[in-house]
Structure formats: structure tokens, C-alpha cells
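Q: Have a look at this fold, sequence not included:
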Ligand SMILES: [Zn+2]
């Protein structure tokens with residue numbers, strides 16, 4: 001089994017010859033050099049960083065741990081006025097990505113990219129996808145791609161560089177139609193959101209896709225439940241890869257190698273850390289915390305120590321594929337998505353996903369915590385296959401109690417299990433799923 005293709009790509013990017021091996025030392029000294037360059041560049045060109053980094057002495061950033069001397073950048077600061085982060089004139093911006101969080105009146109988040117910034121992402125998509133497809137393959141992209149510079153558009157461009165055809169379908173609205181395309185257009189690989197791809201596998205027409213027809217699936221844009229990976233692997237006999245990225249990272253951040261044990265990262269373009277979400281202190285490998293990244297090659301809008309709000313940890317052991325690249329374990333939901341109940345019990349969607357998605361009739365669900373006479377109450381609205389009968393709600397209820405936090409909170413009298421049913425399910429596509437907290441609205 002081959003080493004992650006990201007390794008040879010990164011080696012070339014940082015200027016190491018084919019004869020020499022890539023070492024952590026060489027990569028870190030490149031990263032530190034780029035980091036100092038980024039700090040200088042951002043301080044010279046961005047009004048935000050001019051004041052934020054005024055006190056930083058670049059010559060003091062000599063070892064990886066010195067990055068902790070730099071201040072964090074937060075989403076709130078981006079939301080306040082992202083134009084303060086710009087390092088180039090508006091005329092040099094090729095694409096602005098606007099992200100609105102659904103169901104809120106919060107201002108949208110905007111990220112600006114130059115043509116060079118987008119090219120770096122296309123290059124990453126090209127190398128990352130070579131892990132799972134080969135020349136002549138066809139990839140159906142179940143993500144937005146109409147606009148130039150959108151994720152689907154950049155992916156198509158990256159795939160074209162290795163003679164793979166990327167076909168943008170967009171988000172799934174009609175699963176039957178997508179299944180028809182997979183068969184009639186001889187698709188080898190799917191790229192999509194975990195829950196949307198799961199719904200394809202559980203559609204009544206899913207049996208039209210012969211076992212072994214699809215060679216790989218890449219899940220992205222939201223945390224990927226292990227339960228969904230297991231269902232897809234069993235249904236289609238495919239290898240299911242995880243991609244980790246967010247718009248702020250330039251859409252792409254890292255991808256799993258064929259060992260499927262955590263992401264290898266774009267280490268020549270991005271510097272990742274995991275920090276204690278409370279104290280901000282960097283954590284050693286193996287300890288879970290908040291993912292933080294710094295752009296090392298971004299021109300339009302560099303970000304320094306940007307707090308992602310995602311929960312993950314670095315895996316302490318080297319990957320069995322043999323690369324020296326680090327491995328970030330699969331992201332386990334968002335820190336802000338935790339619901340803290342009286343008594344300190346924490347609920348999050350990633351844990352609910354692991355017990356609910358194995359239920360063979362479940363297509364999607366929404367979890368809401370509300371207040372009932374001062375006590376927290378968990379309601380679950382479910383979307384199920386047509387074959388699911390009246391036993392679905394009690395099975396969901398039973399599965400919920402497999403989550404330790406739910407079981408304990410129920411035993412402590414801090415949580416009640418409320419309604420489980422189909423009526424309250426509101427069809428919508430939310431990219432980042434979460435448990436909805438309605439306690440304060442009441
Ligand atoms: Zn690997």
C-alpha cells in the first residue's frame with residue numbers, strides 16, 4: 001500500500017529533490033520560514049494584523065512551539081469586518097465566498113481569494129484526489145459547483161489535471177435521480193455530504209448500483225460519523241475517504257490516505273495546531289482540543305492562528321502508510337455544538353450520530369433540546385425510509401440511551417426523552433449539523 005500522495009507533493013513544493021527523503025525537520029524549518037514571512041506580510045498589508053501583530057518579534061519565532069507567542073484570530077473578528085484582513089486590493093480578488101449560517105440573522109462570513117490562492121486549492125484537490133481515483137475515472141460531485149471558484153468548480157479543475165472527469169451535480173434533492181446518474185453515467189467515485197450520501201445508500205433504488213460499481217466515496221463539509229462510513233462500506237463495497245476543510249482554509253485542509261485513519265494535511269500551505277479550548281494552550285499529540293490553523297501561502301486574506309471551533313486531536317503514532325506527514329484524527333463535531341445540561345452532562349450531535357445512523361431505516365434526523373418545566377427535554381424528529389413502521393420511534397429512543405451522556409443525564413433526572421416522530425422533521429439541507437438548543441428561546 002502506497003504512501004499518501006500528499007508527501008511527494010509537499011516535498012516538491014518545499015523544494016526537496018526527488019533523491020532526498022522528506023523529514024519532519026525540513027518541513028518544520030520551511031513552515032517556520034513561511035510563518036515569519038506571513039506575519040511580516042500580514043502586518044504590512046492588512047489593517048487588522050497591523051495592529052494585532054504590532055508587538056510580535058519575528059526573529060523570536062524559531063521553533064514550532066514559538067507559534068504560541070502569536071495571538072489567535074476568531075470568527076467573531078472576521079464577521080466584524082473581513083475587509084480589514086485583506087492584503088491586496090479588491091481588484092486582485094478573484095472570488096469572494098459568502099457563508100450564511102442557516103436560521104439566524106447573524107451577518108454572513110466572507111472570505112476573499114486571489115487567483116493564486118484558488119490555484120493552490122486546485123493543486124491540493126488534484127493531489128488529494130489521486131489517492132482515490134485514477135485517469136479515466138468519473139467523479140460525481142454532490143456539492144455546489146456552478147460558480148467559478150466554488151468547491152465543485154475547483155474540484156473539477158483539479159481532477160482534469162489527472163484526466164479524471166468531474167461532474168458537478170450539486171446538493172442532492174432527489175436521491176433517485178442521483179442513483180440513475182451513477183448507473184447511466186458510469187460513475188466511479190462520489191463526493192458529498194455524509195448524510196446525503198447515506199440517503200442514497202438507503203433509497204429503494206440503491207440496489208440498482210451493483211456491488212463494486214463505485215470504487216470510492218469522499219465525504220466532506222461536515223463531521224463524518226463512523227457509523228455512516230460503515231454503512232456505505234457495507235452497502236457498496238467501497239473505500240470511504242474523509243476530507244477535512246472549511247472555506248477559511250481555502251476549502252481544502254487535509255484528506256485520508258488509503259489506510260483511512262485520519263487526515264494527512266496540506267502542511268506546505270497550512271500549519272495546524274490543537275489547543276485547549278478554554279486556556280488556548282497548545283496540547284500535545286493525542287489530546288483532543290480545538291483545531292487552529294495558520295495560512296502559510298495565502299495572498300488575499302491570510303489568517304493567523306484561526307480558531308476553527310472544530311474538535312479533534314493529532315494521532316501520536318506515525319501512519320502505517322509510511323509518510324512523515326502528521327495525522328489529524330477525524331473531526332468530532334463542533335465545540336460550540338455541545339449542549340451542556342445541568343449536572344455538567346454534555347450532548348453533541350457526533351455522539352448521537354454514532355448510535356442513530358446504524359438504524360437501517362433512518363435517513364436523517366434533527367435533535368432539539370428544549371425546556372419543559374425547568375428540565376431539559378430532548379426531542380428527535382426523524383426522516384425514515386418508506387419501509388419503516390411504527391417501531392421506528394421506540395428503536396430511536398432505545399438507541400439514544402446508548403449515548404453515555406444521555407443515559408446518565410436521564411438517570412440523574414437532568415434530561416427527559418421527549419417526542420420522537422416524523423411529523424416535526426423539516427426538510428432542509430444543513431451543511432454543519434448540530435443539536436439545536438431551544439432552552440433559552442422559551
Ligand atoms: Zn497515511
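A: Alright, I've got the coordinates. Everything numeric in this text was worked out from a predicted model, so none of it was measured.

Q: what are the ranges of the helices in the stretch 201-350 of the chain?
A: Here the stretch 201-350 of the chain has its helices, by DSSP state H, counting those that start in this stretch, at 226-236, 349-356.

Q: Quick one, which of those gets closest to residue 271.
A: helix 349-356 (25.1 Å; C-beta to C-beta). Just so you know, the C-beta spots here come from the backbone N, C-alpha and C atoms, and that holds for glycine as well.

Q: and the angle from the closest one to helix 226-236?
A: Helix 349-356 and helix 226-236 are oriented at 40 degrees to each other (axes from the mean of the first three to the mean of the last three C-alpha atoms, to 10 degrees).

Q: Residues contacting the helix or strand that contains residue 98, please?
A: According to DSSP states H and E, residue 98 maps onto strand 93-99. Residues from elsewhere that reach strand 93-99 (C-beta atoms under 8 Å, 6 or more residues apart in numbering): 86, 108-115, 117-118, 147-150, 247, 251, 300.

Q: Neighbouring strands - and their directions - for it?
A: strand 109-114 (antiparallel) (DSSP bridges).

Q: For the partner strand, give the mean pLDDT please.
A: Strand 109-114 carries an average pLDDT of 94.

Q: Check which residues of that strand are buried.
A: Buried residues in strand 109-114, counted by 16 or more other C-beta atoms under 10 Å: 109, 110, 111, 112, 113, 114.

Q: The residue at minimal distance from the centre of the chain bridge partners, please.
A: The centroid of the chain falls nearest to residue 244 when counting by C-alpha atoms, centre = their mean (3.9 Å). Residue 244 has these beta-bridge partners by DSSP bridges: residue 254.

Q: From the ion, how far off is it?
A: Separation of residue 244 from the ion (C-beta to the ion, to the nearest Å): 14 Å.

Q: again, but for residue 321
A: For residue 321 relative to the ion (C-beta to the ion), the value is 3 Å.

Q: just residue 3 next, same as before
A: Counting by C-beta to the ion, the gap from residue 3 to the ion is 7 Å.

Q: That residue in helix, strand or coil?
A: coil (DSSP: H, G, I helix; E, B strand; the rest coil).

Q: Return the residues in contact with it.
A: 257, 321, 322, 323.

Q: ok, now with 10 Å
A: If you count contacts by C-beta atoms under 10 Å, 6 or more residues apart in numbering, residue 3 has them with 22, 257, 258, 259, 264, 319, 321, 322, 323, 324, 325.

Q: What of residue 218?
A: 128-129, 131-133, 139, 141, 155, 189-192, 197, 224, 239-243, 255-256.

Q: what's the answer for residue 106, then?
A: Residues in contact with residue 106 (C-beta under 10 Å, 6+ apart) are 79, 100.

Q: what's the helix or strand for it?
A: In the assignment (DSSP H and E), residue 106 maps to no helix and no strand.

Q: and residue 10, how far is that from residue 245?
A: According to C-beta to C-beta, to the nearest Å, residue 10 and residue 245 sit 16 Å apart.

Q: for residue 48, same thing?
A: 23 Å.

Q: next one: residue 143
A: 11 Å.

Q: Next: residue 427.
A: 26 Å.

Q: The two: who's more crowded?
A: More neighbours surround residue 245 than the other of residue 427 and residue 245, with 22 against 8 (other C-beta atoms under 10 Å).

Q: can you pull the contacts of that one?
A: Taking C-beta under 10 Å, 6+ apart, we find residue 245 in contact with 121, 124-125, 128, 151, 220-221, 251-255, 263, 266, 270.

Q: again, 8 Å this time
A: With C-beta under 8 Å, 6+ apart, residue 245 has these contacts: 220, 221, 251, 252, 253, 254.

Q: ok, of these, which one's closest to the ion?
A: Proximity of the contacts of residue 245 to the ion (C-beta to the ion) peaks at residue 254, which lies at 10.8 Å.

Q: So residue 183 lies in a helix, does it not?
A: Yes: under three-state DSSP, residue 183 falls within a helix.

Q: For residue 436, the count of nearby residues, please.
A: 18.

Q: ugh, typo on my part, it should be residue 278
A: The number of residues packed near residue 278 is 8, by other C-beta under 10 Å.

Q: just residue 343 next, same as before
A: When neighbours are counted by other C-beta under 10 Å, residue 343 registers 12.

Q: One more: residue 204?
A: The burial count assigned to residue 204 is 12, neighbours taken as other C-beta under 10 Å.

Q: ditto for residue 60
A: Neighbourhood size, residue 60 [other C-beta under 10 Å]: 10.

Q: List the residues that contact it.
A: 66, 69.

Q: Give me the pLDDT value at the residue lying farthest from the centre of the chain.
A: When each C-alpha in the chain is compared with the mean C-alpha position (C-alpha atoms, centre = their mean), residue 373 comes out farthest, at 37.0 Å. The per-residue pLDDT reported for residue 373 equals 86.

Q: Equivalent analysis for residue 222, please.
A: Residue 222 is assigned a predicted lDDT (pLDDT) of 83.

Q: Surely residue 420 is within a strand?
A: Yes: under three-state DSSP, residue 420 sits within a strand.

Q: Tell me who's in contact with the residue farthest from the centre of the chain.
A: Residue 373 neighbours (C-beta under 8 Å, 6+ apart): none.

Q: Mind listing the shared neighbours of residue 143 and residue 245?
A: Common neighbours of residue 143 and residue 245 (criterion: C-beta under 8 Å, 6+ apart): 220, 221.

Q: coming back round to it: how about the strand holding residue 98: buried residues?
A: 93, 95, 97.

Q: Next one: the second one from the ion, what distance?
A: When C-beta to the ion is applied, the distance between residue 95 and the ion equals 31 Å.

Q: how is this structure carved up into domains?
A: By the assignment in automatic domain parsing, the chain contains the domains 1-335, 338-437.

Q: Those domains: lowest mean pLDDT?
A: Note on the domains of the chain: lowest mean pLDDT is at domain 338-437, with a mean of 90.

Q: Could you confirm residue 377 falls within a helix?
A: No: per three-state DSSP, residue 377 lies outside any helix segment and is strand.

Q: Was I right to think it contacts residue 410?
A: No: using C-beta atoms under 8 Å, residue 377 is not in contact with residue 410, being 10.7 Å away.

Q: shared neighbours of these two, anything?
A: Joint contacts of residue 377 and residue 410 (C-beta under 8 Å, 6+ apart) are 416, 417.

Q: Name the residues of this structure found near the ion, please.
A: 4, 257, 259, 319, 321 (C-beta under 5 Å from the ion).

Q: what would those residues look like in TSV with neighbour count?
A: Shown next, in TSV, are the residues of the chain next to the ion (neighbours: other C-beta atoms under 10 Å):
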residue	neighbour count
4	27
257	27
259	16
319	20
321	20
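
Q: gap between residue 42 and residue 295?
A: Taking C-beta to C-beta, one finds residue 42 at 9 Å from residue 295.
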